[in-house]
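Enquirer: Sequence first, then the predicted structure:
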Amino acid sequence: MKHTKHLRKCNKCGLEAHKEEDLEFFEKEKRGKYGRRNNCKRCRREKDTVWRSDNKDKVIYKTKKYHAEKIYGISLDEYIERMSTSDCCEVCGSKNSLGYDHCHNTMVFRGVLCSKCNRSIGQLGDTIECLERVVKYLKGEA
């Protein structure tokens, strides 16, 4: 029986990459052999899912920090301070799924909105003119 050498083998499930194309089943990592991790993508995803469910507070913290710094260009403390300006949606009054509303052109903070109101405004193009047309329509004036 001939033994074929593998390029990469998953430490958890034993999946082997025997050809260059098979390396696609392994996540990229610069320091890893052949530029790949030693766990396949499926096993890594399973491990990440377990970690996320066991560390929900860390996930929430990292997500808020990432959005504050990378998306909004502010510190996490500034993000928290701005979000504390309201404990409910400034449009409908809901206390569910509150988020940071901002102008996409200037990135200026506008207020705290629930995800439903924030998405609705975004779907309408974030313009007063479009919102005024919607109000006219609802009033039967369009």
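Expert: That came through fine.

Enquirer: helices and strands around the longest helix that the chain contains, which ones?
Expert: When the chain is parsed with DSSP state H, its longest helix is helix 41-54. Here helix 41-54 touches strand 26-28, going by 3 or more CB pairs under 8 Å, 6 or more residues apart in numbering; DSSP states H and E. (Glycine included, C-beta is placed from N, CA and C.)

Enquirer: For the host helix or strand of Lys64, buried residues please.
Expert: Lys64 belongs to helix 56-66 when assigned by DSSP states H and E. Burial within helix 56-66, assessed by neighbour count using 16 or more other CB atoms under 10 Å, is assigned to no residue.

Enquirer: Now do that helix, average pLDDT.
Expert: The average pLDDT for helix 56-66 rounds to 96.

Enquirer: Need the residues that contact that helix.
Expert: 52, 76, 79-80 (CB atoms under 8 Å, 6 or more residues apart in numbering).

Enquirer: How about Cys89: what's its closest non-neighbour residue?
Expert: Cys114 (3.9 Å; CB to CB, 6 or more residues apart in numbering).

Enquirer: ok so, going back, now do the helix holding Lys64 and helix 41-54, the angle between them.
Expert: Interaxial angle, helix 56-66 versus helix 41-54 (axes from the mean of the first three to the mean of the last three CA atoms, to 10 degrees): 100 degrees.

Enquirer: what's the offset of the helix or strand following helix 56-66 from the middle of its chain?
Expert: Counting by DSSP H and E, the next helix or strand C-terminal to helix 56-66 is helix 76-83. Counting by CA atoms, centre = their mean, to the nearest Å, helix 76-83 is centred 18 Å from the centre of its parent chain.

Enquirer: Determine the set of other helices and strands touching helix 76-83.
Expert: By 3+ CB pairs under 8 Å, 6+ apart, helix 76-83 packs against helix 56-66, strand 98-102, strand 109-114.

Enquirer: would you turn those into CSV with distance to Ser120?
Expert: Shown next, in CSV, are those (distance: least, CB to CB, whole Å):
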stretch, distance to Ser120
helix 56-66, 23
strand 98-102, 11
strand 109-114, 9
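
Enquirer: what bridges to the closest residue to Lys33 other than its chain neighbours?
Expert: Leaving aside its sequence neighbours, Lys33 sits nearest to Arg8 (CB to CB, 6+ apart; 6.6 Å). With DSSP bridges as the criterion, Arg8 is bridged to Ala17.
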